[in-house]
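# need a structure here:
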Amino acid sequence: MNETRAEMRLPTPDLREDLPFFTKVLKLRLDMIYPADNPEVAVLSGHGLRIRLQKGAAEAPGTLRILTDDPDGFAGGQRLLTAPNGTRVEIDALNPPLHLPTTEHAFVVRRLADQAPWVIGRAGMHYRDLIPSRLGGSIIASHIRIPDGGPVPDMVHFHKVGFQLIFCIKGWVDVVYEDQGPKIRLTAGDCFIQPPEIRHRVLEASDGIEVIEIGVPAEHVTQIDHDMVLPTPDVRPDREWQGQRFVHNVAAGAAWQPFRIPGFVARDTTIADGTKGVAGVMVVRPDGVAPWTRHSGDILFTFVMAGEMTLEGEGKNPFRLSAGDAFVIPPGMATRYADPTADLELLEVALPGAVATEVLG
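Numbering: from 1, shown residues only. Presented below is the predicted three-dimensional model:
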């Protein structure tokens, strides 16, 4: 079998000065050095790196990042170092805790008609941003579509998130999840809750598939798992990932009940139960005349899936909204969902899942 290796070359003016730093401080192993009488090249390896220190090399010294379970003890407590050759070295945590920014509350209305062109993102999918401010980094809401259906060039991956929702609004998509059996088809009106770090892969999609994806926080890492093969042999529907269960909620046959706002009914997607109250997801339809209300939750995001309504807010001009539009209502702001068409259907995502609502009349 042929063997292939890769090296990163770094310049050095003097190997005798650099070798103690790279071997003793950074704990790299010396694999090769030559020529013997006056060494000019040394090859070292460790921590997933293979480095070639070469006297007189033309490259800049660069930056090395070393990730470890013990960042404060790895290099005697130093987190930022500079090698004799000028290479900058950053020592950081291998698995840093997830940081959830404090929400910067704002009233946001994002209309499809006012949008810039769709942006091509991961795996060739088209994205449009539904909350440009990200509320200070606390949430990202994306409208995603795949114009041409068929196999999706995806890999087994996972997301380091606090909460993630995939809600299908058009078409279908096949996805396979860790410990959840064979592929699952998500169709219009259905949704997935993807617990933190559950491995999954998108397999195939219909022409024109469209989904709404919610992620908390806005900036989160997507990591490829090169070792896991899906589907996994075990089926464990009750398994939890960081306290959350995988949920596949199917719209067909769901019960409709009074919504938190009078004049509307809703079907519960069971996301609040699956996340133990981290988030709640409701599909909402009109059933009368809505009063003015205000909520005391943290994040309340709504996407118009069908029909039209007028969003009225205290101190704001009214917005006539239609399918593809989205809005965020900050806590404490009085609003009213007025003049809905009979076919209006809203997707509401709330964090936390229980939304205390005051009816103002």
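# so Gly150 touches Ala205, yeah?
Yes. The criterion here is C-beta atoms under 8 Å, and Gly150 meets it with Ala205 at 7.3 Å. Quick note: C-beta positions are derived from backbone N, CA and C, even for glycine.
# which one of these two has more residues nearby?
Ala205 (26 against 10; other C-beta atoms under 10 Å).
# grab the nearest non-local neighbour of that one.
Nearest non-adjacent residue to Ala205, counting by C-beta to C-beta, 6 or more residues apart in numbering: Val173, 4.3 Å away.
# what helix or strand does the one you found sit in?
Take DSSP states H and E as the rule and Val173 turns out to sit in strand 172-177.
# each with direction, which strands does the helix or strand following that strand pair with?
Remark: after strand 172-177, the chain's next helix or strand is strand 184-187, criterion DSSP H and E. Using DSSP bridges, strand 184-187 pairs in its sheet with strand 172-177 (antiparallel).
# test my guess that Ile212 contacts Phe167.
Yes. Using C-beta under 8 Å, Ile212 is in contact with Phe167, at 4.6 Å.
# neighbour-wise, which of these two wins?
Neighbour count, other C-beta under 10 Å: between Ile212 and Phe167, Phe167 has more, with 26 against 22.
# picking that back up, which residues are common contacts for Ile212 and Phe167?
Residues touching both Ile212 and Phe167 (C-beta atoms under 8 Å, 6 or more residues apart in numbering) are Leu347.
# hey, what's the residue nearest to Ala205 bridged with?
Leu186, Ala205.
# what angle sits between the helix or strand containing Glu213 and strand 172-177?
Element membership for Glu213 (DSSP H and E) is strand 209-216. Using axes from the mean of the first three to the mean of the last three C-alpha atoms, to 10 degrees, the direction of strand 209-216 lies 40 degrees away from that of strand 172-177.
# summarise which helices and strands strand 209-216 is packed against.
When contacts are defined as 3 or more C-beta pairs under 8 Å, 6 or more residues apart in numbering; DSSP states H and E, strand 209-216 packs onto strand 140-146, strand 163-170, strand 172-177, strand 299-306, strand 345-351.
# so for the protein, which residue is the most central one in space?
Centrality entry for the chain: nearest residue to the mean C-alpha point is Gly215, 4.5 Å, by C-alpha atoms, centre = their mean.
# show the contacting residues for that residue.
Applying C-beta under 8 Å, 6+ apart, we find Gly215 in contact with Ile139, Ile140, Ala141, Ser142, His159, Val161, Phe163, Gln164.
# partner strands of the strand holding Glu213 and their direction?
When DSSP bridges is applied, strand 209-216 pairs with strand 140-146 (antiparallel), strand 163-170 (antiparallel).
# among those strands, which is nearest Leu360?
Nearest of these to Leu360, taken as C-beta to C-beta: strand 140-146 at 26.6 Å.
# tell me if I'm right that Ala350 and Ala279 touch.
Yes. Counting by C-beta under 8 Å, Ala279 is a contact partner of Ala350 at 6.6 Å.
# out of these two, which sits in the busier spot?
Counted by other C-beta under 10 Å, Ala350 and Ala279 do not tie: Ala279 has more neighbours, with 24 against 21.
# contacts only, for the more buried one.
Contacts of Ala279 (C-beta under 8 Å, 6+ apart): Phe163, Leu165, Ile214, Val216, Ile271, Ala272, Val349, Ala350, Leu351, Pro352, Gly353.
# count the neighbours of the closest residue to the residue nearest to the centre of the chain other than its chain neighbours for me.
Leaving out its chain neighbours, the residue that sits closest to Gly215 by C-beta to C-beta, 6+ apart is Ile140, at 4.7 Å. Number of residues near Ile140 (other C-beta under 10 Å) recorded here: 21.
# is Ile140 in contact with Arg134, as I believe?
Yes. Between Ile140 and Arg134 a contact is recorded at 5.8 Å, counting by C-beta under 8 Å.
# which residues does the closest residue to Ile209 other than its chain neighbours contact?
In space, and not counting its chain neighbours, Ile209 is closest to Gly171: 3.6 Å by C-beta to C-beta, 6+ apart. If you count contacts by C-beta under 8 Å, 6+ apart, Gly171 has them with Gly149, Thr187, Ala188, Ala205, Ser206, Asp207, Gly208, Ile209, Glu210.
# hang on, the earlier thing: a markdown table for the helices and strands packed on strand 209-216, including mean pLDDT?
What follows is these, written out as a markdown table (pLDDT from 0 to 100):
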| stretch | mean pLDDT |
| --- | --- |
| strand 140-146 | 91 |
| strand 163-170 | 96 |
| strand 172-177 | 97 |
| strand 299-306 | 98 |
| strand 345-351 | 98 |
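# okay, these in a markdown table with distance to Met125 next?
Compiled in a markdown table, these are given as follows (distance: least, C-beta to C-beta, whole Å):
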| stretch | distance to Met125 |
| --- | --- |
| strand 140-146 | 5 |
| strand 163-170 | 12 |
| strand 172-177 | 10 |
| strand 299-306 | 17 |
| strand 345-351 | 19 |
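# dihedrals phi and psi, the residue nearest to Gly76 when sequence neighbours are not counted?
Closest residue to Gly76 apart from its sequence neighbours, by C-beta to C-beta, 6+ apart: Val25 at 7.9 Å. Torsion angles at Val25 (phi, psi; degrees, to the nearest 10) stand at phi -80, psi -50.
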